[in-house]
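> return atomic coordinates for the entry below.
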Amino acid sequence: MTYEIIATTTFGIESIAALELKNLGYDNLKVENGRVIFSGTEEDIARCNMWLRTADRILIRVGCFKAQTFEELFQGTKAIEWGDFIPKNGFMHILGKSVKSTLFSVPDCQSIVKKAVVEAMKRKYKINWFEEDGPEYKIEISLLKDMAELTIDTSGTALHKRGYREIAGEAPLKETLAAALVLLSRWQPSRILSDPLCGSGTIPIEAALIGKNIAPGINREFAGEAWPNFNKSIWDKVRDEARSSINNEEFRILASDINGSVLKTARENALKAGVSDLIAFQKLDVKDFSSQKKYGCIICNPPYGERLGEKKQVEELYKTMGKVFSNLNEWSYFILTSYDEFQNLFGRKADKNRKLYNGRIQCYYYEYFGELPPRK
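Numbers count the residues shown, from 1 in each chain. I've put the predicted structure just below:
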């Protein structure tokens, strides 16, 4: 069976997710705000859940129609063959959102969708009561400009939950965004990589997973695996293929921070992710960072000064970073921050910048390109 699949993303990294999909062999991609749409089979759903580093969720689109009234919403939902997706004991959890639509009451829309789904299930299974004590099916009704879209979530827990980060720092960076920062830098394991403000270690860990070609979802489970209408052996096969795809690349990532307790967390996270042997953690103030090596790469997510009383400290930090990084011969550096005056404080205009969102905070990813190492 072929499905219409949606890979959802944070705003700003849709093109990165699309590139990941192309590298996995998918084409005819439709890139929209916060998502990439394509077609595929159950195996493709399993593979995308397992491999996509920058996607938040993998959804199946089951219906799309105009709905300006509750009756249109009910009938449009009821017309879908929900029994092809959901077993008679499936637990149906309805989510919803409405933007610029006549039907603006999300709870009412959720209630109507649930009733319509149940009516469609009655048609399929010829029964009037559903126990709902089986696997979970998250159905979302999304209304945008009076167009109703119905999807089922195959991921379950969001894909940024890789399973290695039970504890995070004060302002954790989502794993999906950290992976996007690494992919945007075009870092290769042949170059030295450093995060001198590593916090709980998300950027170095995601880089290590990329360098070793370890699928981000290899150690977690997905909602679709528990669905009886899906074939569990397909998911097992995709996971086995992912395990055999891990390479023997040897490299070292430098990760440092002035905070000793957060470094302890970073070390524990790296151990859980299975990449602790690839990352050298060190307690170090960024002002003391130095390297004699050439063609290195820095990727970091420094404090933004969002909290009261932090502004002066953050301004001094950015000035220090500018001085320290300028002493690194032929290095490239990539810095994510929401601070408007960053470039002035850093002392150099970025070669390129890109608008990204860290949670709900609008940031810019400032890219400074050094020389690339000579081709071997």
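> ok, and the closest non-adjacent residue to Ile37?
Lys30 (4.3 Å; CB to CB, 6 or more residues apart in numbering). For the C-beta atoms, the positions are set from N, CA and C on the backbone; glycine is no exception.
> quick one, what contacts the one you found?
36-38 (CB atoms under 8 Å, 6 or more residues apart in numbering).
> how near is Leu184 to Thr337?
When distances are taken as CB to CB, to the nearest Å, Leu184 and Thr337 turn out to be 15 Å apart.
> neighbour count: the two, which is higher?
In terms of neighbours (other CB atoms under 10 Å), Thr337 is the more surrounded of Leu184 and Thr337; the figures are 24 against 21.
> quick check: bridge partners of Ser98?
Beta-bridge pairing of Ser98, defined through DSSP bridges, involves Leu143.
> one step back: so how far is Pro373 from the residue nearest to Ile37?
Here the criterion is CB to CB. By it, Lys30 lies 37 Å from Pro373.
> repeat for Thr9
Distance from Thr9 to Pro373, by CB to CB: 31 Å.
> between these two, point out the one with more neighbours.
Between Thr9 and Pro373, counting by other CB under 10 Å, Thr9 is the more crowded of the two (28 against 14).
> could you list every residue that touches the more buried one?
Thr9 sits next to 16-17, 34-36, 54-56, 176 when contact means CB under 8 Å, 6+ apart.
> compare those and tell me which is most surrounded.
The most neighbours of any of the contacts of Thr9, using other CB under 10 Å, belong to Thr54, which has 32 neighbours.
> could you pull out the strands for the chain?
Using DSSP state E, the strands assigned to the chain run over residues 3-8, 30-32, 35-40, 57-66, 91-99, 136-144, 147-153, 193-195, 253-257, 279-283, 297-300, 332-337, 352-358, 361-368.
> got a list of contacts for the first one?
What it means is strand 3-8. Residues lying outside strand 3-8 but in contact with it, judged by CB under 8 Å, 6+ apart, are 17, 21, 34-42, 44-45, 48, 52, 55-61, 151.
> ok, now with 6 Å
By CB atoms under 6 Å, 6 or more residues apart in numbering, the residues outside strand 3-8 that reach it are 17, 35-38, 40, 55-61.
> turn the residues you listed into JSON lines, columns for distance to Pro87 and pLDDT.
Formatted as JSON lines, the contacts of strand 3-8 follow (distance: CB to CB, whole Å; pLDDT from 0 to 100):
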{"residue": "Ala17", "distance to Pro87": "30", "pLDDT": "98"}
{"residue": "Arg35", "distance to Pro87": "27", "pLDDT": "97"}
{"residue": "Val36", "distance to Pro87": "29", "pLDDT": "98"}
{"residue": "Ile37", "distance to Pro87": "26", "pLDDT": "98"}
{"residue": "Phe38", "distance to Pro87": "26", "pLDDT": "98"}
{"residue": "Gly40", "distance to Pro87": "22", "pLDDT": "97"}
{"residue": "Ala55", "distance to Pro87": "26", "pLDDT": "98"}
{"residue": "Asp56", "distance to Pro87": "26", "pLDDT": "98"}
{"residue": "Arg57", "distance to Pro87": "21", "pLDDT": "98"}
{"residue": "Ile58", "distance to Pro87": "20", "pLDDT": "98"}
{"residue": "Leu59", "distance to Pro87": "19", "pLDDT": "98"}
{"residue": "Ile60", "distance to Pro87": "15", "pLDDT": "98"}
{"residue": "Arg61", "distance to Pro87": "20", "pLDDT": "98"}
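> quick check: of these, which lies closest to Glu132?
Ile60 (19.5 Å; CB to CB).
> how close does that closest one get to Leu336?
Noted for Ile60: a distance of 32 Å to Leu336, by CB to CB.
> of these two, which one has the most company?
Taking neighbours as other CB under 10 Å, Ile60 and Leu336 compare with Leu336 leading, 25 against 18.
> pretty sure the more buried one is touching Gln362, no?
No. In terms of CB atoms under 6 Å, Leu336 does not count as a neighbour of Gln362; the distance is 11.2 Å.
> and for the top helix by length along the chain, what's in contact with it?
Using DSSP state H to assign secondary structure, the helix with the most residues in the chain is helix 106-125. Contacts of helix 106-125 with the rest of the structure, by CB under 6 Å, 6+ apart, involve 70, 73-74, 77-78, 82-83, 88, 94, 96, 98, 103, 141.
> hmm, try it at 8 Å
Applying CB under 8 Å, 6+ apart, the contact partners of helix 106-125 are 70, 73-84, 86, 88, 92, 94-98, 103, 128, 130, 139, 141, 143, 150.
> ok, Gly228 - how many residues close by?
No, residue 228 isn't Gly; it's Pro. When counting by other CB under 10 Å, one arrives at 12 neighbours for Pro228.
> that one touches Phe85, doesn't it?
No. Pro228 lies out of contact with Phe85 (CB atoms under 8 Å); the separation is 10.8 Å.
> list the residues that contact Glu367.
Going by CB under 8 Å, 6+ apart, Glu367 touches 184-185, 332, 334, 350-354.
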